[in-house]
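> Kindly return the folded structure for what I paste below:
(chains A, B, C and D)
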There are 2 protein chains.
Amino acid sequence: MEPMDVPGEGRMERKKRETRQKIIEVAMDLFQRQGFNNTTMEQIAEVADIARKTLYNHFPVKEAIVDEYVKAISKGLAKMTFDNLQNLPDTSTRLIAALDKAYEWVEINPEITGICLGYRLKNMFMGPGDCSGETATQSIMTEIIRQGQQAGEIRRDVSVKLMVEQLNISRGVIVLNWLKDPSRFELRKEMAKIVDLFIYGAIEREELEP
Amino acid sequence: MEPMDVPGEGRMERKKRETRQKIIEVAMDLFQRQGFNNTTMEQIAEVADIARKTLYNHFPVKEAIVDEYVKAISKGLAKMTFDNLQNLPDTSTRLIAALDKAYEWVEINPEITGICLGYRLKNMFMGPGDCSGETATQSIMTEIIRQGQQAGEIRRDVSVKLMVEQLNISRGVIVLNWLKDPSRFELRKEMAKIVDLFIYGAIEREELEP
DNA sequence: GGATATATTATACATTGTATAATCTTACAT
DNA sequence: ATGTAAGATTATACAATGTATAATATATCC
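Residues are numbered from 1 along each chain as shown, chains lettered A, B, ... in the order given. Now for the predicted structure:
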């Protein structure tokens, strides 16, 4: 999260990026200490020592701060995860492994996760058509599915994009259900169920080898 | 939508229900004429001739009005739909038929649909744990899946509740994607794809009869 | 009729998010 | 270097949301 140097960057762009970073630092600290709902944009602006309007220039709503923070975290995790996946035998296993990694973090940061997921879902619908903002986890899933297709394991008559979108929303719902009542079920087990349902479908399969 | 009589109901309960109905009528009319975003709670209260606070007592947020309206519509449609399903041969066909019926209405009322879906999704997550508010379409889907299980067509190792939840969210996403750019694809075709993906999964099936 | 519960109301308030125009800083070309 | 254009920050004002509190009206029940 440090404001490290970026080569082709003027003073202006750098300063803007620095205040952006500062906002995120300050805000996340306040969120952790007093909770998300008890922290106002006013307060964030004050602690970050900028005008409220400047804060709104960077982040149109409070949730957007959390979103950007989580994106960075997620990006870091993804890099670590991806290499380990190649050893695994099939698509199902790879998907579960990829998601498990992400959920270690989720389990530790439930509130942030909830805020972030809610915001992303809302944006997926109401937001503008910028589907550009792909999550790191999403691009990993895309890669896994594509590999599965090439290996002849995953069907080709449905686009990768659609499948990833569906799987992504499915896992979102599961996480949010878990957040509402963590004691009710184990996140990983539920996740494995979802992946299985996604891959094999709802149809009853006849056992080929009894 | 008329305030028809309900047998065991006192004057007080009736009056409350009547103002509730009036709010919905007035609000929906305003929404249709000037758009959802251009209509304020203030204005709704004024036209309905009640205090703003009373309005908030009935509906905590503007979206809730739309939600209740749509619930009523949906209930009406569901009743008409259900009987026709029994003639259809399998789960897949039944699901597609049930959803197609609902989407006739969706295609005519895109704005309302968008508001309503966004609200429901937000509530599914952030809202309180009252999963009681089951949609009419959801209960139809529940019934279809259950029948499928009994016929040995649908797997039994995953709960009906989970499957309906997943399918429901899937169709929600599809509709919202369609709303963002109706010209991009046909809603029904996309819906059939989703149902197929839900039933048969993402796995590549070997053709048994070539 | 009077006590009690509930719906409605008036009022005030903190917060959100937007709009406008002024001010300051950087970038760039002459 | 200097003036100008672009863009970032700011002060200020505003409409609207959603909540809290206490007062008032209305219905219900004994």
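> for the least confident helix or strand in chain A by mean pLDDT, which positions count as buried?
In chain A, no helix or strand scores lower on mean pLDDT, DSSP states H and E than helix A:110-126, which sits at a mean of 84. For helix A:110-126, a neighbour-count test (16 or more other CB atoms under 10 Å in any protein chain shown) marks A:112-126 as buried. Bear in mind the C-beta positions are built from the backbone N, C-alpha and C, glycine included.
> Low-confidence bits of chain A, can you list those?
Scanning chain A for pLDDT under 70 picks out A:1-8, A:125-133, A:207-210.
> need the contact list for the residue most central in space within chain A.
For chain A, the residue sitting closest to the mean C-alpha position, by CA atoms, centre = their mean, is residue A:135 at 5.4 Å. Under the criterion of CB atoms under 8 Å, 6 or more residues apart in numbering or on different chains, the contact list for residue A:135 reads A:71, A:74, A:120, A:168.
> ok, and the closest non-adjacent residue to residue A:43?
Leaving aside its sequence neighbours, residue A:43 sits nearest to residue A:30 (CB to CB, 6 or more residues apart in numbering or on different chains; 6.6 Å).
> Can you classify the one you found as helix, strand or coil?
Judged by DSSP: H, G, I helix; E, B strand; the rest coil, the three-state class of residue A:30 is helix.
> count of residues packed around it?
19 (other CB atoms under 10 Å in any protein chain shown).
> give the contact list for whichever residue of chain A sits closest to chain B.
Scanning chain A for the residue nearest chain B gives residue A:201, at 2.8 Å (criterion: CB to the nearest CB). Residue A:201 sits next to B:197, B:198, B:199, B:200, B:201, B:202, B:203 when contact means CB under 8 Å, 6+ apart.
> Now do the phi/psi pair for residue A:154.
Torsion angles at residue A:154 (phi, psi; degrees, to the nearest 10) stand at phi -110, psi 140.
> From residue B:105, how far out is the closest residue to it other than its chain neighbours?
Distances taken as CB to CB, 6+ apart put residue A:148 closest to residue A:154, at 3.6 Å, once the chain neighbours are dropped. According to CB to CB, to the nearest Å, residue A:148 and residue B:105 sit 37 Å apart.
> Quick check on those two: which one has the bigger neighbour count.
Comparing residue A:148 with residue B:105 by other CB under 10 Å, the one with more neighbours is residue A:148, at 23 against 15.
> Roughly how far does the residue nearest to residue A:154 sit from residue B:199?
Separation of residue A:148 from residue B:199 (CB to CB): 19 Å.
> just residue A:122 next, same as before
Distance of residue A:122 to residue B:199, computed by CB to CB: 29 Å.
> now swap in residue A:120 and tell me
Counting by CB to CB, the gap from residue A:120 to residue B:199 is 27 Å.
> on that earlier part again, would you turn the contacts of residue A:135 into TSV with secondary structure and distance to residue B:37?
Compiled in TSV, these are given as follows (DSSP: H, G, I helix; E, B strand; the rest coil; distance: CB to CB, whole Å):
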residue	secondary structure	distance to residue B:37
A:71	helix	28
A:74	helix	32
A:120	helix	21
A:168	helix	28
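> OK, contacts around the nearest residue to residue A:120 once chain neighbours are set aside?
Once flanking residues are discounted, residue A:120 sits nearest to residue A:67: 6.6 Å by CB to CB, 6+ apart. Applying CB under 8 Å, 6+ apart to residue A:67 gives the contacts A:116, A:119, A:120.
> Would you format these as TSV with distance to residue B:44 included?
Converted to TSV, those look like this (distance: CB to CB, whole Å):
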residue	distance to residue B:44
A:116	32
A:119	27
A:120	30
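> Closest to residue B:14 out of those?
Closest approach between the contacts of residue A:67 and residue B:14, by CB to CB: residue A:119, at 41.0 Å.
> Does that closest one touch residue A:66 like I think?
Yes. When contacts are counted by CB atoms under 8 Å, residue A:119 is listed as touching residue A:66 (6.9 Å).
> now the helices: where do they sit in chain A?
Secondary structure of chain A by DSSP state H: the helices cover A:11-34, A:41-48, A:52-58, A:62-82, A:91-108, A:110-126, A:136-150, A:160-180, A:187-200.
> Nearest to residue B:186 among these would be which one?
Per CB to CB, nearest to residue B:186 of the helices of chain A: helix A:160-180, 14.1 Å.
> Could you list every helix and strand in contact with the closest one?
helix A:91-108, helix A:110-126, helix A:136-150, helix A:187-200, helix B:110-126, helix B:160-180, helix B:187-200 (3 or more CB pairs under 8 Å, 6 or more residues apart in numbering or on different chains; DSSP states H and E).
> number of nearby residues for the closest residue to residue A:28 other than its chain neighbours?
The spatially closest residue to residue A:28, leaving aside those adjacent along the chain, is residue A:69, at 5.5 Å (CB to CB, 6+ apart). Residues lying near residue A:69 (other CB under 10 Å) number 19.
> Residue A:51 is nearest to which of the helices and strands packed on helix A:160-180?
helix A:110-126 (23.6 Å).
> then the closest one to PDB, C-alphas only?
Below are the C-alpha coordinates for helix A:110-126, written out as PDB (Å, rounded to 0.1, in the frame of the first residue of the first chain):
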ATOM      1  CA  PRO A 110     -16.100 -10.400   7.500                       C
ATOM      2  CA  GLU A 111     -17.300  -6.800   7.700                       C
ATOM      3  CA  ILE A 112     -15.100  -5.500   4.900                       C
ATOM      4  CA  THR A 113     -16.100  -8.500   2.800                       C
ATOM      5  CA  GLY A 114     -19.800  -7.800   3.200                       C
ATOM      6  CA  ILE A 115     -19.500  -4.100   2.400                       C
ATOM      7  CA  CYS A 116     -17.400  -4.900  -0.700                       C
ATOM      8  CA  LEU A 117     -19.600  -7.700  -2.100                       C
ATOM      9  CA  GLY A 118     -22.800  -5.700  -1.600                       C
ATOM     10  CA  TYR A 119     -21.200  -2.700  -3.400                       C
ATOM     11  CA  ARG A 120     -20.000  -4.800  -6.300                       C
ATOM     12  CA  LEU A 121     -23.300  -6.500  -6.800                       C
ATOM     13  CA  LYS A 122     -25.100  -3.300  -6.700                       C
ATOM     14  CA  ASN A 123     -22.700  -1.900  -9.300                       C
ATOM     15  CA  MET A 124     -22.900  -5.000 -11.500                       C
ATOM     16  CA  PHE A 125     -26.500  -4.000 -12.100                       C
ATOM     17  CA  MET A 126     -27.200  -0.400 -11.500                       C
END
